[in-house]
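Participant: generate coordinates for the sequence data below:
(chains A and B)
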Amino acid sequence: MVSSRVIRNLKKEFKRSGLAKLGLALVVVIVLTAVFAPFIAPHNPTDQQLNQSELPPIGFSQTEERTSSQMVDGEIRTVTEEVEITADPDHVFGTDGLGRDMFSRVVYGARTSLVVGVLGTLLAASIGVPVGLLAGYHRGRVDDVLMRIADVSLAFPSLVLAVALIGLWGRAAVDIPDPFVAAGLAPEMPETFVLPITVVIVVGLVNWVWFARVARGEALSLRGQEYVKASRALGADNNTIILRHILPNAITPIIVLGTVQVAAIILLESSLSFLGFSGTTLSWGFDIAQGRDYVSSGQWWIASIPGLAIMLSVIGINLLGDWLRDALDPGIEGEGGAA
Amino acid sequence: MSFGRFALKRSLQGIGVVWGVVTVVFALRFVTPGSPINAVAPLDASQETRQAIAAELGLDQPLYVQYGQYVFDLLRGDMGFSYIRGQDVATLVFGRLPATVELAVAASVVAIVLAIPLGVVSATRRNEPVDYGATLLSLGGISTPNFWLGIMLILVFAVQFNVFNTSGRGVTVVDVAQSVVGPAPVFGTLLAWLAYITLPAIALGTYFMALITRLTRSGMLDELSKGYVQAARAKGLPRTLIRYKHALRNTLIPVITVLGLQLGTLIGGAVITEAVFSWPGLGTLVIDSINTRDWPTLQGSLIVIGTSFVLVNILVDVVYAYLDPEVITD
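Facilitator: Here you go, the predicted model:
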């Protein structure tokens, strides 16, 4: 399916483009972080240490007014004093309002983002690609019906539809045992990974239409090719032609779209978590929502750091998508919606 | 096909899609766990009360009658009644719509005004520092979650520097318009309006600014390499004229189409931007109605959002066909 020409183009473009290298580096870092989270995180991300809450990140300090009651000249008086809170080297990115280690939360948040991004994209592709290929190949009434469904689906913004569906169906989550913790390699860490399954299903159902559009376009242009006609003349049935001839030749733009969609779904997941429509509390969007309450009181890092993590991941994936698009040139600029 | 026929065909298609939107929204009620009666009836309601409510809501009728009634009511502008808010859904939804439209338009203005010059400069000075700067800016823009950007803007401008408001919509664009004719001071009203709308508009507009910059840049590069540009240059036409009158015009046509398709993203973005800035629009209404299980309001909001999307896209297609009659023959 992937010819040597494709690999040559990828290599050539990679050597030429510094941004492609940056993108690949970012994605590799994020994938490794997500996979090996129990070894990278210094603390359990859900452990609350209330006596160590709101510690600033390394290199910063924070002054806070504290009021206490003290005995002065035989009377009880309320005394306000300024206390300097310094960073604790044990908490590189500081701690949140409940004294949870921000760095560990960012590390574990990568798992949620990446798993939802990849599973959601796979689900969207597994609905959209067959629908699009069938519509584009058969044309006629099938095409009309499927494309009208796609039009209706597009009329609802991804985020609005996702919020509505999760609101109706609830926020289900599945606990998946962490293999490293189960093997006793990281005993301090959370035993399970909480997969917000409703979010995965909903983002898949909401974003399939982009895959359907691209797959349909490819099938429409490929169905008239000589080799497809030849295959039909040799007696191949339609499904065989779609699987053997159309799909392999349509796969490049689908892969490029898939990359962009992982980024879009990560943004969508973070928006849903931010609004409280997720089944997990270990997510960058959720942490930003928590940190929002601390913005006006000066604890800027609680909301800022998880947002930087989202931004860097999405930049990495988008750069990877640009690299694939420039190297493979499927010509689908501007397709694919974000949150 | 003539332009008129194209516009008519496109409008009929649009009506079909709106009908689909209505049907999906109607069907949402049946994939929802729990009967709609529960939303209205008290927990200890007797069987008789529940039956009376079912009859009142038309729930004792066969499905096709309920559906027919729903569509018929919508055509009369009746979107049902929100028992939770004690208000007509149509009044509620159309009361909130202007705030969202105002935010979306302001964000689009911010995006377009910045993005098109940036994209043009980026393309005409390819591989110069300006181009790298614009590329990085647009990469950051399409990769930043807008709700987070909103919070960061609040952090910097509202908390640190104490300029701009962080929540609500104290002054509307209508107030500004009225101050021009009325007794209120124009400049003061305008400043007050800007204090409310600037941060949400930037938070929402940044993604689109980035997207339009990218599209304009690649479109311009494409156009500038075409034969007609070389011919114009050979003819001795001034560079500015070629760039802005010829190349940019051809670049903008596909940009407009993508923007129409991305309108959904704009409205979706508005939902979450409204949540960050407590902007009293449709977005906050959607979120509130889900959290309070106010299904009639949710349904009404979804229909208005879906229908606006369809209307704007018909408009985009018709304008597109007017500007570039070739698409009609496709």
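Participant: for the chain, which helix is longest?
Facilitator: Because you didn't say which chain, this covers chain A. Looking across chain A with DSSP state H, the single longest helix is helix A:102-138.
Participant: nope, chain B
Facilitator: helix B:186-224.
Participant: that helix and chain A in contact?
Facilitator: Yes. Residues of helix B:186-224 contacting chain A under Cβ under 8 Å from any Cβ of the partner chain: B:207, B:211, B:215, B:218. For glycine as for every other residue, the C-beta is placed from the backbone atoms N, C-alpha and C.
Participant: got it, and stretch B:134-144?
Facilitator: Yes. If you take Cβ under 8 Å from any Cβ as the test, stretch B:134-144 does meet chain A, through B:139-140, B:142-144.
Participant: can you give me the helices in the stretch 101-250 of chain B?
Facilitator: Under the criterion DSSP state H, counting those that start in this stretch, the stretch 101-250 of chain B contains helices at B:129-143, B:146-153, B:173-181, B:186-224, B:227-234, B:239-240, B:248-261.
Participant: make TSV out of those and add mean pLDDT, distance to residue A:128 and mean neighbour count.
Facilitator: Output for these, formatted as TSV (pLDDT from 0 to 100; distance: least, Cβ to Cβ, whole Å; neighbours: other Cβ atoms under 10 Å in any protein chain shown):
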stretch	mean pLDDT	distance to residue A:128	mean neighbour count
helix B:129-143	89	21	18
helix B:146-153	93	25	25
helix B:173-181	78	39	14
helix B:186-224	87	21	22
helix B:227-234	84	37	12
helix B:239-240	80	44	9
helix B:248-261	79	16	18
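Participant: switch those helices over to JSON lines; also include distance to residue B:37.
Facilitator: Shown next, in JSON lines, are the helices of the stretch 101-250 of chain B (distance: least, Cβ to Cβ, whole Å):
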{"stretch": "helix B:129-143", "distance to residue B:37": "46"}
{"stretch": "helix B:146-153", "distance to residue B:37": "36"}
{"stretch": "helix B:173-181", "distance to residue B:37": "40"}
{"stretch": "helix B:186-224", "distance to residue B:37": "39"}
{"stretch": "helix B:227-234", "distance to residue B:37": "66"}
{"stretch": "helix B:239-240", "distance to residue B:37": "68"}
{"stretch": "helix B:248-261", "distance to residue B:37": "40"}
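Participant: what residues does the stretch 51-200 of chain A have near chain B?
Facilitator: A:148-149, A:151-152, A:154-160, A:163-164, A:167-170.
Participant: quick one: the strands in chain B?
Facilitator: B:81-82, B:87-88 (DSSP state E).
Participant: what sits against the spatially closest residue to residue B:209 that is not a sequence neighbour?
Facilitator: Distance criterion Cβ to Cβ, 6 or more residues apart in numbering or on different chains; nearest residue to residue B:209, sequence neighbours excluded, is residue B:111 at 4.1 Å. Residues near residue B:111 by Cβ atoms under 8 Å, 6 or more residues apart in numbering or on different chains: B:205-206, B:208-209, B:211-212.
Participant: 6 Å instead, please
Facilitator: Shown in contact with residue B:111 (Cβ atoms under 6 Å, 6 or more residues apart in numbering or on different chains): B:205, B:208-209, B:212.
Participant: give me the distance between it and chain A.
Facilitator: 14 Å (Cβ to the nearest Cβ, to the nearest Å).
Participant: quick one: that residue and residue B:256, what's the gap?
Facilitator: Distance from residue B:111 to residue B:256, counting by Cβ to Cβ, to the nearest Å: 13 Å.
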